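J.: pasting the sequence and the predicted coordinates here, then a few questions.
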Amino acid sequence: MKFAETLKTKKFIITAELFPPKGINVQSLLDKAKLLRGKIDGFNVTDNQRAVMRLGSLAICRLLLDQGCEPIMQMTCRDRNRIALQSDLLSANTLGVENILILSGDHPSQGDHKEAKPVYDLDPVQLLKTARALETGVDLAGKKLDGSPQFCLGAVVNPMADPLDLQLAMVEKKIEAGAQFFQTQPIFDFKLLETFVARTRDLPAKILIGVFLLKSAQVAIFMKEKLGINISPHYIDRLSRAASPVDEGINIAAELISQLKPHVDGVHIMALGLEEHISEILDKVK
Amino acid sequence: MIITKQKDIQKILGQLKGKDRVFVVGCAACATKCATGGEEQVRILAEELAKNQKKVTGTIVLDTPCDMRIVKKELLHNEKAGLAESLVLLSCGAGVQSIAQVCPERDLVPALDTLFLGSIERLGNFNQYCSLCGDCIIDETAGLCPVTRCAKALVNGPCGGAVNGKCEVNSGQDCVWILIYEKLQKNPTNIKKYRKIKSNASISKPQRIKTR
């Protein structure tokens, strides 16, 4: 089913994140995706994630489409000016990619080409508006298009950001600009999410909560200490005592999804290279 | 004020390879306030060049090297400058290029790197608050510029990556969007301004302007 159609249903939506290789060997990624075909609603492909140069999102999205997987192309504002962004939106649509997730993108200083020029010619709100403008048959310069695209647009929100009011005001702006769905940063404690869920329940967009597969206690400690993500010591303890930390990470992810399921529109699973385990997570969800 | 910093002396000497006679030019405006091109820095650089076997034919601190009229009056026909093979310039890029335009025959060695338009917190402590974008929106952002002070120049709100109120790119820097929001909150009409979507900036600002 097309992702835009899925968003209209009442079903619990599941998307997973795939990140393109650094290089051109795509087979292992496509094999991982094949394992999930029919089990999830969207394959979300990152755009030079963490500002690390990789194969492009659009190429993988098209290959996914060819093997019957519904792709969601991530598009950051970091590397392209408004000419390239609009051109790539048209290119994506021409290749059959309609679902676009728009985000600012990690700053180049966080990645592996630290000296790269940060572009940010448009911000995510402006890029959402731009995509909607292209749908009406005109570009940002006001010039008429020969054939206009159709998109299903998404954006991101961080439910843990402080102050929450400022994030929610951003969510409203992004919806006004054209966002139909949101995905969030990884969440490890449903209790912390309750206020966010209550305050976003009636918004006219689906919100997919980020769920991360923790593969070891070290990763959890890194995310907690370096990225400021709230991970309960209880989980870190379970991971460090487990005979197989990955299996324990799968259990934790499944528990989180089970807790979230009655309260939210869906989840966005980030397995960071362990996508072959996503089916196991889904099998364990109650 | 334009913030500058001095280039490494070895770099300056490298540019002066094969030139024996030099003349040092300073700036009495920004570079003096920055302590990069005032009387004292001109003297120190002249001494350093002399120590490295350069003959310093003279020095001058121009009021504003970025003003071509002053360059014409004070430098173009300066006798001691005329004796030198190279002019070593302790001024910002605007100063260097004004001198280059007025004195097209001269060999110029810029001795400063030009950093940004700065606000002075105290001497030696400068902040970049304005990036001269040519499309000011700070009436809508509580007087704080997100184009300059947000690492991603986001004009419609934060990226969501701030940790404990600090920018994810630089943990020593406050997230300007949190500062803006805190200030806006004190006035409900301002919050309305925040909620309005700001369209894409026009970045085709003039590079040459005549006001009369």
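T.: Now that the structure is in, tell me what you want to look at. Numbering: from 1, shown residues only, chains lettered A, B, ... in the order given.
J.: give me the neighbour count for the residue in the stretch 51-200 of chain A positioned nearest to chain B.
T.: Closest approach between the stretch 51-200 of chain A and chain B, counting by C-beta to the nearest C-beta: A:Asn158, at 3.4 Å. The way it works is simple: take the backbone N, C-alpha and C, and place the C-beta from them, glycine included. Residues contacting A:Asn158 under the criterion other C-beta atoms under 10 Å in any protein chain shown number 20.
J.: which residue is the nearest non-sequential neighbour of B:Gly95?
T.: B:Pro65 (3.3 Å; C-beta to C-beta, 6 or more residues apart in numbering or on different chains).
J.: contacting residues around that neighbour?
T.: B:25, B:27, B:71, B:75, B:89, B:91, B:95-96, B:98-99 (C-beta atoms under 8 Å, 6 or more residues apart in numbering or on different chains).
J.: out of those, who's nearest chain A?
T.: Each of the contacts of B:Pro65 was scored against chain A by C-beta to the nearest C-beta, and B:Val96 proved nearest at 23.1 Å.
J.: ok but the closest one is inside a strand, no?
T.: No. Going by DSSP: H, G, I helix; E, B strand; the rest coil, the assignment for B:Val96 is helix, not a strand.
J.: so the residue of the stretch 51-200 of chain A closest to chain B sits right up against B:Gly161, yeah?
T.: Yes. Between A:Asn158 and B:Gly161 there is a contact at 7.2 Å, judged by C-beta atoms under 8 Å.
J.: re the thing from before, against chain A, how distant is the residue nearest to B:Gly95?
T.: 29 Å (C-beta to the nearest C-beta, to the nearest Å).
J.: tell me the confidence at that residue?
T.: Looking at B:Pro65, its pLDDT stands at 98.
J.: got it, and B:Asp139?
T.: Reported pLDDT for B:Asp139: 89.
J.: nearest residue to it in space, please, no chain neighbours.
T.: B:Lys193 (7.9 Å).
J.: and B:Val24, that's in a helix?
T.: No. Counting by three-state DSSP, B:Val24 is not part of a helix but strand.
J.: just give me the neighbour total for it.
T.: 29.
J.: buried residues in the helix ranked longest in chain B, which are they?
T.: If you go by DSSP state H, chain B has its longest helix at helix B:39-51. Of the residues in helix B:39-51, B:41-42, B:45-46, B:49 count as buried by neighbour count, 16 or more other C-beta atoms under 10 Å in any protein chain shown.
J.: same question for that helix, mean pLDDT?
T.: 98.
J.: what is that helix packed up against?
T.: helix B:9-15, strand B:21-27, strand B:55-62 (3 or more C-beta pairs under 8 Å, 6 or more residues apart in numbering or on different chains; DSSP states H and E).
J.: pLDDT at B:Pro206, what is it?
T.: pLDDT, B:Pro206: 65.
J.: up against chain A, what does chain B have?
T.: Counting by C-beta under 8 Å from any C-beta of the partner chain, chain B comes close to chain A at B:151-165, B:168-169, B:177-178, B:181, B:194-195, B:197-200, B:203.
J.: buried ones among those?
T.: B:151-162, B:168-169, B:177-178, B:181, B:194, B:197-198, B:200.
J.: just these: which are in helices?
T.: B:177-178, B:181, B:194.
J.: farthest pair within those?
T.: Greatest spacing in those, by C-beta to C-beta: B:Ile178 and B:Tyr194 (12.5 Å).
J.: what's the average pLDDT for stretch B:187-200?
T.: On average, stretch B:187-200 scores 78.
J.: contacts for that stretch, please.
T.: So stretch B:187-200 is in contact with A:82, A:121-122, A:125-126, A:129-130, A:140, A:169, A:172-173, A:176-177, B:137, B:139-142, B:155-157, B:180-181, B:183-185, going by C-beta under 8 Å, 6+ apart.
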